[in-house]
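Q: Sequence plus predicted model, see below.
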Amino acid sequence: MSAASLPSIEDLAGDPAPAWLWDVARRRIAWGNTAAVRFWGEDSLLDLIELEFDPDDTAVLKLDRLATEFEEGTPLTRKLEFDLASGRQWVACRCFPAVLDDGRPGLLVQVAPDDAESRSAFSRFGEMVQEAPVAMALFGSDGLLLHQNMEAERLFGALARQGGLGALLPDKEDALPLIARTIRSGTVSRALALSTRHGARAHRVTLRRVHDPDTDAHALLVLFRDIADRRARERDAARERSQIQSMLDLVSDFQWRLDKDLRFVQITGEFQETTGVKPEALLGKTWDGVVRQFGLGPGPSLSKALASQTAWRDQDLLWPKLAQGAQGEVLRLLLSALPLKDAAGRFAGWNGVAMRARQQKTAAPAAHVTATAPPPDAEDSLLTSVTDGILMLGEDGTVIRASKRAEALLGPLAGKPLETAFRADEQPRLRDYLASLAGTGLAAAYDNGLEMKTAGLPPRDLLVVIQRLGSDYAGAAFTAALRDVTAAKRSEADLRHALNQAKAANTQKSDFLASVAHELRTPLNAIIGFSEIMRDERYGELGDERYLSYASDIHDSGELLLSLINDLLDLSKVEAGKFDPTFEQVDVAAIVDQCVTMVKPGAADERIGIRAQIADRLPGLVADKRSLLQILLNLLSNAVKFTRAGGQVTVSAELSANGDLVLAVQDTGIGMSDEDLERALAPFGQARSAVIHGKKGTGLGLPLAKALTEANRGALTITSAPGEGTRVELSFPPTQVLQD
């Protein structure tokens, strides 16, 4: 054996627990102790060695894979299904790395003692989640590990096996309060820094209380989702936003944003310090309304610029000062803005900056004297005060002067063409940029600048914005601003990669759920069918009345579990974008009548009244008939379940004033608070009021109804208050309504 701490064949020869040596290359047993011979139903060790195995048997494939998954000196505990003489059985096994006499790899397998087997035999759940794409583990109510799948094994290694749930949590966290809270409330979700094989990493940890009907035991199902990279990207994005805001504060006094209707939606920077007006006084108001309210003096060119939907700069705006002691004074502002576009390329508003116009006292130059540049020391101070790299270019694009920041980005360039600092394939674009500026003074195709890659190694992504000077300025015809956007581009690529990974994980989740459902549906149908036969005593009396009660309980539990599986699959399909509704013209009144007829007998048993209010000549609706029926049945069942005896449930359908078709289910039940409503709309969530009144459900009804409504291009809204009942509205837009 490779590690002295692991057992050897000599150690296991007289062990009462079955143990054998698996030959990985030949896929057969190379040695076994006496207990193993009995375990496999053979007469002698020679018979055991000659035992043939199907190479495609799942147990054989699992043993081959286990031989490659060991950490040094660490055994693995797995539950395997063997085809024994007495039939196929699930057995908990401890597996150790081994080497055969001829040097080939082997696997030493020992059937776990009863105590170890009982801890790892939490039904067949362990095998079902073994191949799941997310890290999942089962812990007992004492916090000790029962089972972890391959993803959790790769993530935590031996940590969970050695110390249980507490070994994964941060030092300041105690596992017992977390376990107690999960057992009490059913589901707990926390963001925690967990100890993994790669160090401490932030994870979203979701704990769910589960029950094994085979052993009547309770356990905690724990799902681990790594959010460390997302947190890092969020911090980078926040830092990037802070840097951009700092730069904007440096080059302007305040920043403003208008929506497509020219309403103020955002004002940042020193707006109040500059104008004496609080930003809240402008938010939500239109540009014309603000002009009238504060007596602003926009010039004709500014009004024209706001209607142009193209970039503009340095437009005058006169703003009367409102600060104490400033009566009669007028502030002159210079406004510049870029148009905003939505995903379809349509105009979505303005993003702009404003700065106070500086008063300059200059003498008129003589007729024969041309304009000159400011003193060199003043110019250097100006260039170094800006965080972007600044260049002054000649008519042919040659660099005349460069700020220190520009030289740090591109190296010494004085006297050289600017294009030489960029890759050869990027240079024609820069020449086109300069040509458009030289020819017309405008560069409509380059309103937002030009992103280019530098020629150096490693290449950097720069945003280049070039503007033409109004007159000769120390021999320069253009100014160019350089901004390093390498980090932003990298963050964008990382976010895109993370989105693709999330989509792939969501697809894997849907496939996994479909596989689990197929695994569960077959035995569930058998359970439901046989229990129904026993309950109805079709082949004779059972005898004791308790048997009839037990058979009825089994049948009801099986149907509830099957309903839960179907709801979970439907919800997963919608979330993964695999739900394909069959749109057709639906008679809403007929759907409502059908649902009320199906729910009314159960409501009558609970002494709850149900009535329908359908508007006359209600138009048809374009929707998926099956899912609309499922939504209404779900909402009606919930309304009946959470309404006390003597209460009322009302279903209504009508057209709203704006042409929407609105279906509503209203009850006089126990109601929900805002906190309960948020919990009820989450998968597996349970409203606290429902738990208090003993009305717990699966926690999938409302999330599924909301997802199916949105898949039918509608919207679901809920209005509720504790003790005042609940109203659920399904609103479908006029585009889905078939008007006469």
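A: That came in fine, so what should we check first?
Q: what's the weakest-modelled helix or strand in this structure?
A: helix 114-120 (a mean of 42; mean pLDDT, DSSP states H and E).
Q: hang on, residue 580 in a strand?
A: No. For residue 580, which was evaluated using DSSP: H, G, I helix; E, B strand; the rest coil, the result is coil, with no strand membership.
Q: Show the pLDDT at it.
A: On pLDDT, residue 580 comes in at 73.
Q: Next, count neighbours for residue 464.
A: Per other Cβ atoms under 10 Å, the neighbour tally for residue 464 reads 22. Quick note: C-beta positions are derived from backbone N, CA and C, even for glycine.
Q: Work out for me the element it sits within.
A: Counting by DSSP states H and E, the element that carries residue 464 is strand 461-473.
Q: Longest helix in the chain, please.
A: The helix of greatest length in the chain, counted in residues with DSSP state H as the criterion, is given as helix 486-536.
Q: so what does that helix touch, helix or strand wise?
A: Secondary structure elements in contact with helix 486-536, counted by 3 or more Cβ pairs under 8 Å, 6 or more residues apart in numbering; DSSP states H and E, are helix 228-251, strand 461-473, helix 545-575.
Q: Would you format those as CSV with mean pLDDT included?
A: Shown next, in CSV, are the helices and strands packed on helix 486-536 (pLDDT from 0 to 100):
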stretch, mean pLDDT
helix 228-251, 78
strand 461-473, 76
helix 545-575, 73
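Q: who's in contact with residue 410?
A: With contacts defined as Cβ atoms under 8 Å, 6 or more residues apart in numbering, residue 410 is in contact with 389, 402, 421, 454, 482.
Q: Hmm, residue 460 and the third one touching each other?
A: No. Residue 421 lies out of contact with residue 460 (Cβ atoms under 8 Å); the separation is 10.3 Å.
Q: Looking at the contacts of residue 410, which is nearest residue 147?
A: Checking the contacts of residue 410 against residue 147 by Cβ to Cβ gives residue 454 as the nearest, at 53.3 Å.
Q: How about that closest one: what's its closest non-neighbour residue?
A: Leaving aside its chain neighbours, residue 454 sits nearest to residue 460 (4.8 Å; criterion: Cβ to Cβ, 6 or more residues apart in numbering).
Q: Give me the neighbour count for the one you found.
A: A count of nearby residues for residue 460, using other Cβ under 10 Å, gives 18.
Q: Show me whatever sits in contact with both of residue 421 and residue 460.
A: A shared contact of residue 421 and residue 460, defined by Cβ under 8 Å, 6+ apart, is any residue touching both; here these are residue 454.
Q: just to revisit the earlier point, what's the angle from the longest helix of the chain to helix 228-251?
A: In this structure, helix 486-536 runs at an angle of 140 degrees to helix 228-251, with axes from the mean of the first three to the mean of the last three Cα atoms, to 10 degrees as the basis.
Q: avg pLDDT for helix 486-536?
A: If you average the pLDDT values across helix 486-536, you get 77.
Q: returning to that earlier point: now render the helices and strands packed on helix 486-536 as TSV, adding distance to residue 314.
A: Supplementary listing: the helices and strands packed on helix 486-536 in TSV, determined by distance: least, Cβ to Cβ, whole Å:
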stretch	distance to residue 314
helix 228-251	13
strand 461-473	11
helix 545-575	50
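Q: So for residue 95, which of those sits nearest?
A: helix 228-251 (31.1 Å).
Q: Check which element follows that closest one along the chain.
A: Per DSSP H and E, the first helix or strand lying C-terminal to helix 228-251 is strand 254-259.
Q: what sits up against that next one?
A: Contact partners of strand 254-259, identified using Cβ under 8 Å, 6+ apart, comprise 248, 264-271, 274, 287, 306, 340, 348-354.
Q: same check, this time on stretch 11-19
A: Surrounding stretch 11-19, the residues in contact under the criterion Cβ under 8 Å, 6+ apart are 32-36, 38-40, 108-113.
Q: from memory residue 81 sits against residue 90, does it?
A: Yes. Distance between residue 81 and residue 90: 5.2 Å, which falls inside the contact criterion (Cβ under 8 Å).
Q: for the record, mean pLDDT for the helix or strand hosting residue 137?
A: Mapping residue 137 onto the secondary structure by DSSP H and E places it in strand 135-140. For strand 135-140, mean pLDDT rounds to 83.
Q: Can you list the strands that it pairs with?
A: Strand 135-140 has the following strand partners under DSSP bridges: strand 145-148 (antiparallel), strand 217-226 (antiparallel).
Q: returning to what we had before: which among the contacts of strand 254-259 end up buried?
A: Neighbour-count burial within those applies to 264, 267, 269, 271, 274, 287, 306, 340, 349-350, 352-354; the criterion is 16 or more other Cβ atoms under 10 Å.
Q: Narrow the residues you listed to those in helices?
A: Taking DSSP H, the ones among these that sit in helices are 271, 274, 287, 306.
Q: how about CSV for these, with pLDDT added?
A: Rendered in CSV, the data for those read as follows (pLDDT from 0 to 100):
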residue, pLDDT
271, 87
274, 83
287, 89
306, 89
